[in-house]
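Student: just a sequence and a predicted model for now, questions to come.
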Amino acid sequence: MRIFNPETSAYREIVAADPGRRLEVVLGDDRDAGAFYPQIKSEHFGNEANFSMRLDDEDAAHATRTERGSDIEWRRGDRAVTFRRVAGPDAGAYDFEVLLTARPPADALAFTLRHKGLRAVFQPPLTASRAARGDAQDEGVAGSYVFWLAGRDGTTPSRDYRNGKAFHFYRPRATDSLGRQAWCDLMIDLVADTMSWTVPAAFLDAVAWARGGSVSIK
Amino acid sequence: MATLGFSTQGGSAGSIALVASDSCRRRGNPWTMPQAGNATAIKAYLHAQGAGSETVDVFAAINQEDSVSAGQHGEVASRENAGATLGGIAVHTFTLAAPAALTAGTAYVLNIVADGNDLAALNVAVRYDLDTVDEYFNSGYGSDYSVVTGARSDPFVDVATSGGSNPKYSIWVEYTPAAIGLATESDGAHGHQRSKAKGLAGASGADQALAVAAIRSATMAPAGEVDSAFGLSHARSAAVATGGEQDLALGLGSAVSAGVGVAAETDVAAGATAARSRVTAPAAELDQSLATARGKLASLQLASGSHQALALVAVDMALLPPLAVDIGDVVRTVTISDPARAAIVH
């Protein structure tokens, strides 16, 4: 169950109660009660590790928060963020969907990160040799990142870390209001604590913004 | 039940049998056992790549890395699931005919292969994610599945990393920590606990008695044997304690008394006390509590030997129910996995 706490202006949900894989998610910033921010935080393995990302916005605090069924929306100006719980291969997952209703000045969406106890490993497209071996990747895996629990690669007598995979951050894809799609370039830097989703410029240029066109990226 | 290996579903798929060439691919990674145990099953996320399903022979094995010689990995255990039905992505279990003993600190290659000759339309794969791990792989046997699945020590070769990473396959072993009711392991546990008691020589008699009571419940040795072995008169007073719960309480009491010591010892005692309240809690909370207590133990390096030993006994006993079952694991952890504990018992 997802619960909104008005004292923190954030939602909290226990996504997986399994002690070996306990996962809680916070929507918004529960350390800043002043507003609802376009931010999601996941706490893994009983918060031994966590990861939060916030859409970089010059005036994020002056936005509206709307509950649409089971979705939560943050909206300001010509941008909106929808938090959506989706099915996943393990405990389930969240979509962080950014909706643009005007062409952004830059092709890249910028995010700030906070994290603890994690390392990220880039998942490149298959090399020729791996393809020849008969390997294959699911949609969105090429260009994605797997987040591993740092220093907990094995199993220990005290907790079964299942070799430490915390979560998979899939490569984002842009879809315009006509249904056309393009993969974005995902860049995550855990040293600089930054992340960017770069939409192909030609794709953004082709959207009929003046006639109500839009792009969603997730 | 503990696991060794990668037990989460990976986002990519590595074929272990190809329909076009009828060929097979044997794939795996080496993992080091954190504690001794008896493997009961191998599991893997397998993927029939496409719509529909396949009926195929699948072979999973545990090979001890370099056990024969460099590059030669003797088979420890294996199981073939003949005629397995694979559809979509799912966990498949290969139950071993008999538990296979795995040694702490030893690397085992968990690996899998399937018979390409069985395939009708789909490739069959094992799931993986890329990470900085060693990989073993072999496609050199072509379609000769029967050769690959023999008890070979050279079923695969080490693969160099590509771009700094290799597939980490979703293959794991389920095992029971060793020394659970097996005579030889109980004997070993008893011996280790005696060594621990020797480390208490400088403690007060009362503390020794408490510790011995805890030790006795751990080893399940006859009272007389314990008393005579350690020569501690106070042990007889501890002998009036009957049942695991009383002994457990004695052990916890020791930890609480340790709390009057220096800050590090207080932390340990606090951890044990907290753990005590978890005894009847679900396993998950116990696991969390154990992790916390063990973390506090790491700060115990400068504490006196007697307080260390008492606190360790209390923490271990509080955190690993059911008592009689997990004692062997406690002992093994004390003597092998934890340097702080090793320093105490030797």
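Tutor: Looks like it came in fine.
Student: other residues contacting stretch A:46-62?
Tutor: A:19, A:22, A:24, A:26, A:29, A:34-35, A:37-44, A:63, A:74, A:76, A:79, A:81, A:96, A:98, A:109-118, A:147, A:149-150, A:152, A:166-167, A:195, B:288 (C-beta atoms under 8 Å, 6 or more residues apart in numbering or on different chains). All C-beta atoms are positioned from the backbone trio N, CA, C, and that covers glycine.
Student: all helices for chain A, in order.
Tutor: A:128-132, A:201-205 (DSSP state H).
Student: of those, which approaches chain B most closely?
Tutor: helix A:128-132 (7.0 Å; C-beta to the nearest C-beta).
Student: let me see the mean pLDDT of that closest one.
Tutor: For helix A:128-132, the mean per-residue pLDDT is 89.
Student: same question for stretch A:82-91.
Tutor: Rounded mean pLDDT across stretch A:82-91 is 81.
Student: please identify the buried residues of it?
Tutor: Using 16 or more other C-beta atoms under 10 Å in any protein chain shown as the test for burial, stretch A:82-91 gives A:82-85, A:90.
Student: ok, now stretch A:186-206?
Tutor: For stretch A:186-206, by 16+ other C-beta under 10 Å, it's A:186, A:188, A:190, A:195-199, A:203-204.
Student: now stretch A:172-184
Tutor: For stretch A:172-184, by 16+ other C-beta under 10 Å, it's A:172-177, A:182-184.
Student: stretch B:28-43 now?
Tutor: B:28-31, B:33-43.
Student: where are the low-confidence patches of the stretch 51-200 of chain B?
Tutor: Within the stretch 51-200 of chain B, the ranges that satisfy pLDDT under 70 run B:151, B:161-163, B:179-200.
Student: swap the cut-off to 50 and go again
Tutor: The stretch 51-200 of chain B contains residues with pLDDT under 50 at B:180-200.
Student: alongside chain A, which residues does it contribute?
Tutor: B:89, B:123, B:125, B:129-132, B:137, B:139, B:162-163, B:165, B:167-168, B:172, B:177 (C-beta under 8 Å from any C-beta of the partner chain).
Student: can you name the next helix or strand after the strand of greatest length in chain B?
Tutor: Assignment by DSSP state E gives strand B:37-69 as the longest strand of chain B. Per DSSP states H and E, strand B:37-69 leads on to strand B:72-102 as the next helix or strand towards the C-terminus.
Student: state the next helix or strand along the chain beyond that next one.
Tutor: strand B:107-114.
Student: got the end-to-end distance for stretch A:101-118?
Tutor: Distance across stretch A:101-118, first residue to last, is 34 Å (C-alpha to C-alpha, to the nearest Å).
Student: sorry, slip of the keys, the one I care about is stretch B:116-135.
Tutor: Start-to-end, stretch B:116-135 (C-alpha to C-alpha) is 21 Å.
Student: give the buried residues for it.
Tutor: So stretch B:116-135, judged by 16+ other C-beta under 10 Å, has buried residues B:116-119, B:122-131, B:133-135.
Student: one more: stretch A:32-42?
Tutor: Quick answer for stretch A:32-42 (16+ other C-beta under 10 Å): A:36-42.
Student: let's check: the centremost residue of chain A is which one?
Tutor: residue A:96 (4.9 Å; C-alpha atoms, centre = their mean).
Student: pretty sure it contacts residue A:85?
Tutor: No: the criterion here is C-beta atoms under 8 Å, and residue A:96 misses it with residue A:85 at 11.2 Å.
Student: what touches both of those two?
Tutor: In contact with both residue A:96 and residue A:85: no residue, using C-beta under 8 Å, 6+ apart.
Student: find the closest residue to chain B in chain A.
Tutor: Closest point on chain A to chain B, by C-beta to the nearest C-beta, is residue A:19, at 2.3 Å.
Student: just give me the neighbour total for that residue.
Tutor: Neighbours of residue A:19 under the rule other C-beta atoms under 10 Å in any protein chain shown: 17.
Student: let me know the pLDDT of it.
Tutor: For residue A:19, pLDDT reads 72.
Student: one step back: in the buried residues of stretch A:32-42, find the pair that's most separated.
Tutor: A:36 and A:42 (17.6 Å; C-beta to C-beta).
Student: mind pulling the model confidence for residue B:343?
Tutor: At residue B:343, the pLDDT recorded in the model is 38.
Student: so residue B:147 sits in a helix?
Tutor: Yes: assigned with DSSP: H, G, I helix; E, B strand; the rest coil, residue B:147 falls within a helix.
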